[in-house]
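In: model this:
(one chain, ligands or ions: 2)
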Amino acid sequence: METLHVVKIGGNIVNDEKKLDKFLSTFIQLNSPKILVHGGGSSASDLCQKLDIPIQMINGRRITDEPALDVAVMVYAGLINKKIVARLQGQSCNALGLSGADLNIIPAEKRTGTEIDYGFVGDIHADSINTHFITRLLDEQVIPAISAITHDTKGQLLNTNADTIASTLSVALSDKYEVELTYCFEKNGVLHDEDDEKTLIKTLEYDAFENLKQKKVIHEGMIPKLDTAFEALNKYVQRVQIKHANNLLKDIGTKLSL
Ligand SMILES: Nc1ncnc2c1ncn2[C@@H]1O[C@H](COP(=O)(O)OP(=O)(O)O)[C@@H](O)[C@H]1O
Ligand SMILES: CC(=O)N[C@@H](CCC(=O)OP(=O)(O)O)C(=O)O
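Out: Ligands and ions are numbered 1, 2, ... in the order given. Got it, this is the predicted structure:
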């Protein structure tokens, strides 16, 4: 089977023009078919602050009321997505910017029945992803750049965590490709000491993850990231890594193992 790279780029890189440019010039060097997934949580929070819209995050997930959803759509599916596409096109890379509503690629269900009301947050399932259109785009050498916006197929846009989108897309495409899923962000990988880049955990097994979570060595946004990463590995994604955005092509980072 052909290799497919699914790369998720973190919000702190997307929020910094120079870091984003550096990352994208590396991303285009990946030879095989590739998909870029992005959110931009810190940019959305910056805009919420400017507009006096309260920011509410629980377990790394944004409580998304109507004003927060408008910001999320404007920032993820609008400004950031189009900036990324323009930069990739500027480097002769034929990118197509998409939200989950475009071509109905990522149908979602509004989260209900949880103790906390998350508002317009969409849950997604690998079985519902429209792999047919994604595969056709990849066959045409198009590079999909997919933002963290989905829809309920009845006209309502929804906000879905970008790590979840990257993982679920990878699972959905793993019966057609050997998928390599890489989460890129601003640190070297999963660290024993979050403030010391030299304490990189090179291989992380599931039991060790549970243990480090209990000890709070792994916390905040890294918990949902690793939950989605292990889920992908459990569901036939070939290789899952967490890396610094500068190290996409280098063998430096955290490799997950079951
Ligand atoms: N053990 C750890 N190693 C590295 N980062 C960690 C760890 N525990 C928590 N983190 C935090 O997780 C954050 C990454 O999660 P998140 O902000 O959701 O990333 P992204 O922007 O890629 O979605 C890091 O910026 C860091 O502050
Ligand atoms: C529901 C939910 O939490 N959605 C995320 C989507 C953006 C995202 O995931 O961006 P990062 O990659 O920068 O974290 C949010 O609005 O923050």
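In: would you mind listing the buried residues in the host helix or strand of Val179?
Out: Using DSSP states H and E, the element containing Val179 is strand 178-185. By 16 or more other C-beta atoms under 10 Å, the buried positions in strand 178-185 come out as Val179, Glu180, Leu181, Thr182, Tyr183, Cys184, Phe185. In this view, the C-beta of every residue, glycine as well, is placed from N, C-alpha and C.
In: OK, contacts around Gln89?
Out: Counting by C-beta atoms under 8 Å, 6 or more residues apart in numbering, Gln89 touches Ala95.
In: next one, pLDDT for it please.
Out: Note for Gln89: predicted pLDDT of 98.
In: tell me the spacing between it and Ala145.
Out: Here the distance between Gln89 and Ala145 works out to 10 Å (C-beta to C-beta, to the nearest Å).
In: swap in Thr112?
Out: 30 Å.
In: neighbour count winner among those two?
Out: Ala145 (26 against 9; other C-beta atoms under 10 Å).
In: and that one, helix, strand or coil?
Out: Under DSSP: H, G, I helix; E, B strand; the rest coil, the three-state class of Ala145 is strand.
In: so in terms of bridging, what pairs with it?
Out: On the basis of DSSP bridges, Ala145 is bridged to Leu36, Gly97.
In: surely it is in contact with Ile28?
Out: No. Using C-beta atoms under 8 Å, Ala145 is not in contact with Ile28, being 11.7 Å away.
In: tell me the mean pLDDT for stretch 48-56?
Out: Stretch 48-56 comes out at a mean pLDDT of 97.
In: for it, measure first residue to last.
Out: 10 Å (C-alpha to C-alpha, to the nearest Å).
In: same check on stretch 141-152?
Out: 29 Å.
In: rounded mean pLDDT for it, please.
Out: 98.
In: next: stretch 204-218.
Out: 97.
In: could you dump the buried residues of strand 178-185 to TSV with pLDDT and distance to ligand 2?
Out: Formatted as TSV, the buried residues of strand 178-185 follow (pLDDT from 0 to 100; distance: C-beta to the nearest ligand atom, whole Å):
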residue	pLDDT	distance to ligand 2
Val179	98	19
Glu180	98	19
Leu181	98	14
Thr182	98	13
Tyr183	98	9
Cys184	98	10
Phe185	98	8
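In: and ligand 1, which of these reach it?
Out: Phe185 (C-beta under 6 Å from any ligand atom).
In: on the three-state scheme, the closest residue in space to Tyr177 that isn't next to it in sequence is what?
Out: Nearest residue to Tyr177 in three dimensions, chain neighbours excluded: Leu4, at 3.6 Å (C-beta to C-beta, 6 or more residues apart in numbering). Using three-state DSSP, the structure places Leu4 in strand.
In: could you do Ser92 as well?
Out: Per three-state DSSP, Ser92 ends up coil.
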